[in-house]
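**Q** Following is a predicted model, sequence given first.
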Amino acid sequence: MVPPSSPPLDLSPEVAQKFRDSAREHGKHVYARNTERAYRSDWRIFEGWCASMGQTPLPAPVDAIKAFMLDAADGITLGDTHKASTVARYLATISTRHRRGGFPSPWENPEIQEVLSSIVKKKASEGNTRRKKRAFRAADLYQALDAIPADLQGLRDRAVILVGFATGMRRSELVAIDVEHLDRSEWGFAVHVGRSKTDQEGVGRVVGLNSARSEGRCPVRALDAWFRAAEITTGPIFRSLRSLNQPGKDAPRKLVVSQDRLSDDAVAILVKEAVARVGLEPADFAAHSLRSGFVTTADAKGKSVGQISAQTGHKSASTVLGYMQSNVLGPGSAGYGLMD
């Protein structure tokens with residue numbers, strides 16, 4: 001079933017410009033106050049470093065960003081050494097500032113990602129043990145959502161994260177959804193999933209994408225907003241973006257939605273960028289954090305293993321239990337209330 005769509009607005013150039021200006025002003029208030037404060041602080045640090053090195057901060061050369069990351073990690077000229085999560089937050093800030101200015105996001109540059117990966121590994125070898133990928137908890141999820149920019153890419157990333165978390169789907173299943181796989185109802189969408197990891201015969205299953213009361217946390221509203229912005233009425237619901245131009249100081253980056261399906265690797269990248277933007281450790285999260293977050297949260301909400309496995313497609317209760325990252329303290333933990 002194709003989601004309902006409206007014809008494009010027929011606006012005069014003057015009115016259209018007023019809408020763009022209004023959207024830009026509203027976009028300034030998207031970030032939570034603490035996140036915005038940290039963003040400004042991180043950007044001042046990078047600007048100061050660029051000034052001392054004779055580099056342009058916006059757009060910044062790839063080599064300059066790589067050098068800054070290494071400096072932040074090892075304290076070469078900055079003095080203090082920083083954790084990998086802090087370096088990743090710096091990179092997220094730099095990437096966000098570039099996107100706001102209409103330039104390509106440095107986060108997506110393979111050379112920069114290679115440097116970040118090397119910093120994470122080096123810090124781990126210095127004493128930090130490698131941990132199991134964290135499940136997305138509600139607090140982390142909402143914090144990350146609040147910091148996603150209100151641009152075309154941000155609308156897509158918000159929809160991917162919310163739909164991935166709310167359905168508990170594998171990333172391969174998530175990017176395989178087409179508009180034709182969706183049936184709308186008063187509760188949200190019924191999503192028809194075809195062949196998957198544990199369903200090689202392609203029997204399929206139906207997964208629920210339920211709406212939420214809070215507008216900013218509702219996966220259905222987020223998906224509808226992405227559909228409208230991307231003008232998607234058929235085919236893949238999540239797609240890659242491409243630039244129409246080579247951005248410069250006087251030529252902001254112009255992104256358009258391609259016909260290409262978003263890759264499952266891209267889901268992992270956008271999840272890591274989202275958590276890094278709010279100072280969480282990217283190495284602790286992956287696309288799988290959405291799926292395990294769904295299982296963990298559903299369990300905390302009192303959903304049965306049968307209900308959870310029907311949604312996720314798990315074939316055994318033991319596998320579902322392996323996804324649950326239970327709280328060890330407070331309500332929901334085994335020891336809570338035993339001494340009361």
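**A** Ah, there it is. Residues are numbered from 1 along each chain as shown.
**Q** what about Pro59, neighbour count?
**A** 19 (other CB atoms under 10 Å). Placement of C-beta: from N, CA and C, glycine included.
**Q** Spell out the secondary structure type for it.
**A** coil (DSSP: H, G, I helix; E, B strand; the rest coil).
**Q** Would you mind measuring from it to Ala51?
**A** 15 Å (CB to CB, to the nearest Å).
**Q** How far off centre is the helix or strand hosting Tyr39?
**A** According to DSSP states H and E, Tyr39 maps onto helix 33-53. Mean C-alpha position of helix 33-53 versus that of the full chain (CA atoms, centre = their mean, to the nearest Å) differs by 22 Å.
**Q** same for it, what does it pack against?
**A** helix 62-74, helix 84-100 (3 or more CB pairs under 8 Å, 6 or more residues apart in numbering; DSSP states H and E).
**Q** Pick out the residue nearest the middle of the chain.
**A** Val271 (3.7 Å; CA atoms, centre = their mean).
**Q** Would you check that that one makes contact with Arg291?
**A** No - with contact defined as CB atoms under 8 Å, Val271 does not count as touching Arg291 (10.9 Å).
**Q** Next, the closest residue to Phe285 other than its chain neighbours: phi, psi?
**A** Leaving out its chain neighbours, the residue that sits closest to Phe285 by CB to CB, 6 or more residues apart in numbering is Val275, at 4.9 Å. Torsion angles at Val275 (phi, psi; degrees, to the nearest 10) stand at phi -80, psi -30.
**Q** One more: Ile237?
**A** According to degrees, to the nearest 10, Ile237 has phi -80, psi -30.
**Q** close enough to count as contact, it and Leu182?
**A** Yes - contact between Ile237 and Leu182 holds when scored by CB under 8 Å: they sit 7.5 Å apart.
**Q** Looking at those two, which is more packed in?
**A** Under the criterion of other CB under 10 Å, the comparison of Ile237 against Leu182 puts Ile237 first, with 28 against 19.
**Q** Not counting residues beside it along the chain, what's closest to the more buried one?
**A** In this structure, Ile237 finds its nearest non-sequential neighbour in Ile177, 5.0 Å apart by CB to CB, 6+ apart.
**Q** quick one: contacts for that neighbour?
**A** Ile177 makes contact with 191, 193, 236-238 under the criterion CB atoms under 8 Å, 6 or more residues apart in numbering.
**Q** May I ask which of those residues has the most neighbours?
**A** Ile237 (28 neighbours).
**Q** Looking at that one now. What's its pLDDT?
**A** pLDDT, Ile237: 97.
**Q** repeat for Lys66
**A** On pLDDT, Lys66 comes in at 95.
**Q** Glu231 too?
**A** Listed pLDDT for Glu231 reads 95.
**Q** tally of neighbours for it?
**A** Residues near Glu231, counting by other CB under 10 Å: 10.
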